[in-house]
Each structure stands twice: as C-alpha cells, then as structure tokens.
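Trainee: Need coordinates for the below:
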Amino acid sequence: MDSSPPVDGIILLDGLDINRGYIQRSTMRIRFERFYDRHSGIGHYSVGVGSRPDMANVVPLFNYQTNQIDISLEAAGVADGHLYYLIVQVIM
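Mentor: Okay, the predicted model is just below:
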C-alpha cells in the first residue's frame, strides 16, 4: 500500500507568450517536469483540450507514456481568439 502523496510537478507550454497569453504556433508542445511518486511511479499522462476547465471537448483525453507531447492545434480545429484549457491528469 502506498500512503505517500505524489509530488506535484509543472507543465510547460513551448511557444506560449506569457505576456499576451496565447500560443503563436500551429503545434503546441507540452512538457511535464518533476511529477513523481516515489512508491508508485508515473503510469501515464492523460491530456486533452477543452472550451471549459472541466471538459475535454476540443481534443479528447488521450493517454501518453512520455513526458513531452505535441498537439496540432490546426487538426483540433482550434479557432483564433477563443479561450481553451489544457486538461492534464497524471496517472500513477
């Protein structure tokens, strides 16, 4: 039994203009750093994009085994000028 909590990491978005709050590329590169659980380890990351923080309705949640992924914003049908949320679940 694993009674210790996992350690929170950080999510980095390459190409994000922090001052303006938007991504200037057609592909969003996402990196996950410093997530770990000493006893259970990281199983995978589930990642999606939504029009609300609680809903992956633009890009459905998909499981990734690596700590760096690329999501094509053009293929996802993301429109300029709209607010979108990155939804990430770290599965131990």
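
Trainee: Could you check how far Arg31 is from Asp80?
Mentor: Arg31 is 24 Å from Asp80, where distance means CB to CB, to the nearest Å. Using the backbone N, CA and C atoms, a C-beta is placed for each residue, glycine as well.

Trainee: When those two are compared, which one has more neighbours?
Mentor: Neighbours were counted for Arg31 and for Asp80 using other CB atoms under 10 Å; Arg31 has more, 14 against 6.

Trainee: right, and the helix or strand after the helix or strand that contains the more buried one?
Mentor: Per DSSP states H and E: Arg31 is located in strand 27-33. Sequence order places strand 44-50 as the next helix or strand after strand 27-33, per DSSP H and E.

Trainee: Out of the helices and strands in this structure, which is least certain?
Mentor: Here the helix or strand of the chain ranked lowest by mean pLDDT, DSSP states H and E is strand 16-17, holding a mean of 70.

Trainee: For the chain, give me the ranges with low pLDDT.
Mentor: When residues are selected by pLDDT under 70, those of the chain lie in 1, 17-20.
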